[in-house]
Structure formats: C-alpha cells, structure tokens
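Enquirer: okay, structure incoming, though there's no sequence with it:
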C-alpha cells in the first residue's frame, strides 16, 4: 500500500521531520541500522554514516545537496555477504539506480535491506558546498535549512531565484531525480514535510504519521523533468557534434593522466583488479623503449583513449548518471557528458534503462538472437 503521509514534527522543519521519522525506524525495530548522510565539520560537508542509536541522528541530513561518493558502493560492502542485520539505507535516486545494477551484477543484496529514497533537488561539488556554508550566517542547522529553501525556490522560480553556486554538471541534466524501487520515499516535491511511505498502513500508524494528499507533487516533478530534459538533449547534441570523429572524441580526453580516479569513484566499476593496473598496461621499463623505437614517439602515460573506451564498454549501459567520476577527476574532464551521451545511445538501441527494474537483465550479461 502506498500512503502519502506527513511526519509529526515542527512545521516547516523538514530536517527535524526526517530525523524524527528515521529515528522511529530504529526505535520501532523496522531496521537495526541506518546508513544516512551526516553533517560534519560544522555542516560544511556530509558523509554517509552507519548509525545504530537514534540519538546519533541529530546531524542527519537525508536531503543533503552534496554527494562525495556514490553510496551504492557502500551498500554493496554492507550487504554482499548476506548479513542478518536489517539495514535501512538513505539513498539518492542515482544511488538507488546504481545499487539495482550492482544487485544484478551480483555485487549487492536486497535481503534485509530497506531502501529509503529521497527526492533530489540537485547537488553541489564538495568544495563549492563548503564555501557556500562558510559564507552563510547562523547555526549549521539554520544553514542547512536555508540551502534547501533556496534550492526549492530556484526550482519553483528558476528565472528569478538563481542558485548561489552552480549544480554539478550531472545534476543539471538529470531528469530522474525521484526514487524508483524505494521502500520508503522522503519527498521534497508537493508540500512541506511530506513523506511518501510504500509500506502497509499499520506501519504508518506505528511510526506516527498522518495521511495527507499531495496533489502538487506530480506537477512540480513534471515541470523540472521537462526543464532538465531540455538541458540534457542540448548537452548531448553539442557533445555529438564535437565527437563525430575519433580524433574529436580523443580531444575530449586530451588532459587525462590515467590516474584511475574515475574508475575508483564509479559505483559500477567494481572489479577488484583493474585490467589497466596489470603488467599489460604497467609493463617493465624496457617495453616502453621498444614501443618508441617502433613509433618514433610515445605519449606518456600510454593508452589514454583505450582506457576510456574500455570503461565505456564495461559500464555505459549501466551508467546511472551520478557524475561522481567527473567530480573525482583532477583534470575536470567532461566524463558525465561522455558516459551519459554514449550510454543514452546504447540504452535506447537496446531498450534498456539502468535501475528501472530488477527483472530486466543487463544486455552485456545476456544474448538474444533478436537484439541489435
């Protein structure tokens, strides 16, 4: 049963409302542990934290507009061995999509897991968010509330309420910012303090929430989807125009230093040993000299284009658009655009949407005579 509900908390304080609700999940034994974004360093950043006692939720911020890493990888670590502990994980929509892909790849488990999805208004780069908080006045609580209020106003009035700093490039073109396949949804669209609970009504009563209509929710979502989709299509069109040739594609990656930060951050790159970190691509020194003897000149580090093409081949179909690869890149390469644009073409060709369904098999893991 899906119930639209509002938690009993101070009117207008969505953070207090969500903390109260999450605390009840622990107190009422719905889950044994919670994985939830927690404010640290005077609210300047937020990190995922594993919590057992409700008293430790006083700094929780499930709606945090910052995402240092994709939490799908953390949930993989906490569930892959089928633990008996019941875990509740607070995840953004892109993190849920990545988790679903990891489940299908055998890297995570849903047994004893309660997925608590949050509406995502967008996220800032970690450094931008820290500077934004530093420039604001008030307590960490007040600053967090103000940031959320400013983002909601911007979504409602984008032309008259600009954001103080730009969103991450992934968020500017994300048109899938509401949770799919979540057991519980903490909502920001359609009214103050609204929580959509996909659970039996008996549990809603047990947790102390009241049924409430949220007719404006879908209207708000549709408007933002249309805006983000327009941005997305424009970015893809510009990228495809630049990369009509392999030379144009390589130019997008010309400052790469093959540091592997993108693959380390990517939730879908789960290999324990990367092929590019083996002797094949990190050979003895003599082999470099033999290569340059043949070619006359050799770019160092080698195989930049092959590295990215291999990553695209492995993960583009399951790319969830979280953008943590680009955030991790020390050179600021447009990795979100590259992987999303290429992934979009592949996904449409194979009629596959990452994270859409647990029953939908990843095309790379299957073969059908009728496929493209």
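Expert: Yes, it's here. As the structure is a prediction and not an experimental result, all values here were calculated from the model.
Enquirer: show me where the stretch 101-250 of the chain has helices.
Expert: 126-135, 140-156, 169-172, 201-206, 216-242, 246-251 (DSSP state H, counting those that start in this stretch).
Enquirer: gap between residue 183 and residue 348?
Expert: Distance, residue 183 to residue 348, by CB to CB, to the nearest Å: 29 Å. (C-beta placed from N, C-alpha, C; glycine too.)
Enquirer: between these two, who's got more neighbours?
Expert: Remark: of residue 183 and residue 348, residue 183 carries more neighbours, 17 against 10, as counted by other CB atoms under 10 Å.
Enquirer: from memory the more buried one sits against residue 114, does it?
Expert: Yes - counting by CB atoms under 8 Å, residue 114 is a contact partner of residue 183 at 4.9 Å.
Enquirer: A helix includes residue 47, no?
Expert: No - counting by DSSP: H, G, I helix; E, B strand; the rest coil, residue 47 falls outside a helix, being strand.
Enquirer: give me the beta-bridge partners of it?
Expert: Using DSSP bridges, the bridge partners assigned to residue 47 are residue 38.
Enquirer: how many neighbours does it have?
Expert: Neighbour count of residue 47, defined by other CB under 10 Å: 14.
Enquirer: so how far is residue 74 from it?
Expert: To residue 74, residue 47 is 10 Å away according to CB to CB.
Enquirer: could you do residue 147 as well?
Expert: 23 Å.
Enquirer: touching, residue 360 and residue 351? I think so.
Expert: No - with contact defined as CB under 8 Å, residue 360 does not count as touching residue 351 (9.3 Å).
Enquirer: show me which of these two is the more surrounded one.
Expert: residue 360 (14 against 10).
Enquirer: pLDDT weak spots in the stretch 101-250 of the chain?
Expert: Applying pLDDT under 70 to the stretch 101-250 of the chain picks out residues 190-205, 208-215.
Enquirer: rerun that using 50 as the cut-off
Expert: The model of the stretch 101-250 of the chain has no residue with pLDDT under 50.
Enquirer: residues in contact with residue 122?
Expert: Neighbour list for residue 122: 65, 151, 167, 168, 171, 172, 174, 177 [criterion: CB atoms under 8 Å, 6 or more residues apart in numbering].
Enquirer: kindly reformat these as TSV containing distance to residue 103.
Expert: Output for the contacts of residue 122, formatted as TSV (distance: CB to CB, whole Å):
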residue	distance to residue 103
65	27
151	30
167	28
168	25
171	24
172	28
174	21
177	21
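Enquirer: who's more crowded, residue 147 and residue 74?
Expert: Neighbours were counted for residue 147 and for residue 74 using other CB under 10 Å; residue 147 has more, 24 against 19.
Enquirer: which residue comes closest to that one once chain neighbours are left out?
Expert: With CB to CB, 6 or more residues apart in numbering as the criterion, residue 147 has its nearest non-adjacent residue at 6.1 Å, and that residue is residue 65.
Enquirer: buried residues in stretch 36-44?
Expert: Residues of stretch 36-44 classed as buried: 36, 37, 38, 39, 43, 44 (neighbour count, 16 or more other CB atoms under 10 Å).
Enquirer: and it, how far from the chain's centre?
Expert: 18 Å (CA atoms, centre = their mean, to the nearest Å).
Enquirer: what is the end-to-end distance of that stretch?
Expert: Stretch 36-44 has an end-to-end distance of 16 Å (CA to CA, to the nearest Å).
Enquirer: for the residue lying closest to residue 178 once chain neighbours are set aside, what are its contacts?
Expert: Spatially, and ignoring its direct neighbours in sequence, residue 178 is nearest to residue 119 (5.5 Å; CB to CB, 6+ apart). Going by CB under 8 Å, 6+ apart, residue 119 touches 63, 93, 177, 178, 179, 185, 186, 187, 188, 189.
Enquirer: so the first one: helix, strand or coil?
Expert: Reduced to three states with three-state DSSP, the structure at residue 63 is coil.
Enquirer: just checking, it touches residue 13?
Expert: No - Residue 63 lies out of contact with residue 13 (CB under 8 Å); the separation is 11.8 Å.
Enquirer: the two: which is more packed in?
Expert: Neighbour tally, residue 63 and residue 13, criterion other CB under 10 Å: the higher count belongs to residue 63, 25 against 15.
Enquirer: buried ones in stretch 104-114?
Expert: Of all the residues in stretch 104-114, those buried under the rule 16+ other CB under 10 Å are 104, 107, 108, 109, 113, 114.
Enquirer: the last one and residue 189, how far apart?
Expert: Here the criterion is CB to CB. By it, residue 114 lies 22 Å from residue 189.
Enquirer: again, but for the fifth one
Expert: Distance, residue 113 to residue 189, by CB to CB: 25 Å.
Enquirer: before we move on, what about the fourth one?
Expert: Counting by CB to CB, the separation of residue 109 from residue 189 is 30 Å.
Enquirer: swap in the third one?
Expert: Distance of residue 108 to residue 189, given as CB to CB: 27 Å.
Enquirer: got it, and the second one?
Expert: Using CB to CB, residue 107 is found at 31 Å from residue 189.
Enquirer: domain ranges for this structure?
Expert: Listed domain ranges for the chain are 3-217, 232-365 (source: automatic domain parsing).
Enquirer: residue contacts, residue 261?
Expert: Here residue 261 is in contact with 325, 328, 329, 330 (CB under 8 Å, 6+ apart).
Enquirer: do I have it right that the third one meets residue 260?
Expert: It refers to residue 329. No - the pair residue 329 / residue 260 is not scored as a contact, 10.4 Å apart, by CB under 8 Å.
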